[in-house]
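>>> prediction below, plus the sequence it came from.
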Amino acid sequence: MTQSNSRTYRLGEIVARLGGELVGDPGAEILRMATLESAGPGDLSFLSHPKYRRQLRATRASAVILARGERDATTLPRILCEDPYVYFARAAQLLSAEPRPAPGVHPQAVIEAGAIVPDSATVGPGCHIGRGTRLGERVVVDSGCSVGDGAVIGEESRLYPSVTVYPRCAIGKRAVIHSGAVIGADGFGMAPDGDRWIKIPQTGRVIIGDDVEIGANTTIDRGALDDTVIEDGVKLDNQIQIGHNVRVGAHTAMAGCVAIAGSTRIGRHCAIGGAARIFGHLEIADRVTISAAAVVTKSITRAGAYTGVLPSAPSREWARTVAHLRGLDQLAMRVRELEKRLSKPRKKKR
């Protein structure tokens, strides 16, 4: 599978833009990124792991991206760099840049009084832009989006079709929000009153920083009193649920179907695997990695990798099981010590 782009780059141009050391023909023409196995003429590929050296020897790519230590692994034109996978990501952005729609407001869009829509912005058919809403320069709001009263969308952000942004929410610069995402719906705040529930009005907002990407059908709830905050550079996959008053630290990434309950604080530079569950009112330290499907019931105060999931059971039984599991290390040490004592030959009594 290749990624197509209408523009042709010369290899020397790519290095001039992205850096790295060029070995071979700077005039090699590059149209696309491709895997080593599927690449052909006009394709730029990359070697990110030594186990793919065999595919490197057989590739038909016009050029490849290699680690500096792999300089002599091929005679093809090549770009040497510190991290081929990161370089691939940047080259893919360059080669696969999606053209922006022409600026302007579609005749079938509704722009309410007091909304600020600059001439450089694009508003597609069927969109609704609320009263007092502000769109930044070169913002793209694709078809069928709803942006509520008083919301703010930062410059060069893009909302794909059918995104909903509730009133007063703020989205930073260069955000990418994919179809079906809902920003600022009410958090799940209910007070039990005998046999019924009393809804607690959710009066906070959602504040999203710069360079954030939000996947399709992801939902981020507004705060009950304070705001729900997604800091700069956060990357959220599809179908993630962020509860009210959560704060997600800068440059944290989450895979699909993660759920974070209300008022939890996630640190910076964290990585959370798919379908992980994090209980409410917890603190997660910076640079924590949580494995896929893990269930986090207590705060994590130190950086590191964490894994854990148990089948469901009655709550008290489940809690006892977890308590026993946490004592297994000490129990194992005691068993080993006992085995050592028992293995020593006993002295015969005279």
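Looks like it came in fine.
>>> all contacts plus neighbour counts: C-alpha atoms, from now on.
Noted.
>>> quick one, domains of this structure?
Listed domain ranges for the chain are 9-95, 104-306, 315-343 (source: automatic domain parsing).
>>> pLDDT weak spots in the stretch 251-350 of the chain?
Applying pLDDT under 70 to the stretch 251-350 of the chain picks out residues 311-312, 346-350.
>>> strands of that one, start to end?
253-254, 259-260, 265-266, 271-272, 277-278, 283-284, 288-290, 295-296, 304-306 (DSSP state E, counting those that start in this stretch).
>>> what lines up beside the first one in the sheet?
Spelled out, it's strand 253-254. Its sheet considered, strand 253-254 pairs with strand 235-236 (parallel), strand 271-272 (parallel) by DSSP bridges.
>>> look at Lys51 and say how many residues are nearby.
If you count neighbours by other Cα atoms under 10 Å, Lys51 ends up with 9.
>>> and for Thr35?
By other Cα under 10 Å, the burial measure for Thr35, its neighbour count, is 19.
>>> for it, give its distance to Ala89.
13 Å (Cα to Cα, to the nearest Å).
>>> repeat that for Ala292.
For Ala292, the distance to Ala89 equals 23 Å [Cα to Cα].
>>> more neighbours: the two, which one.
A direct count of neighbours by other Cα under 10 Å for Ala292 and Ala89 places Ala292 higher, at 22 against 11.
>>> got a list of what the more buried one touches?
Ala292 makes contact with Ile272, Gly273, Gly274, Ala275, Ala276, Thr307, according to Cα atoms under 8 Å, 6 or more residues apart in numbering.
>>> among those, who's most crowded?
Among the contacts of Ala292, the one with the most neighbours (other Cα under 10 Å) is Ile272, at 26 neighbours.
>>> so Met199 makes contact with Gly189?
I think there's a mix-up here, since residue 199 is Lys and not Met. Yes - taking contacts as Cα atoms under 8 Å, Lys199 lies within contact range of Gly189: 6.1 Å.
>>> looking at these two, which one has more neighbours?
Applying other Cα under 10 Å to Lys199 and Gly189 shows that Gly189 carries more neighbours, namely 16 against 11.
>>> for that one, report the pLDDT, please.
Here, the pLDDT recorded for Gly189 equals 94.
>>> any idea how far it lies from His244?
In terms of Cα to Cα, Gly189 sits 8 Å off from His244.
>>> mind listing the shared neighbours of those two?
Common contacts of Gly189 and His244 (Cα under 8 Å, 6+ apart): Ala224.
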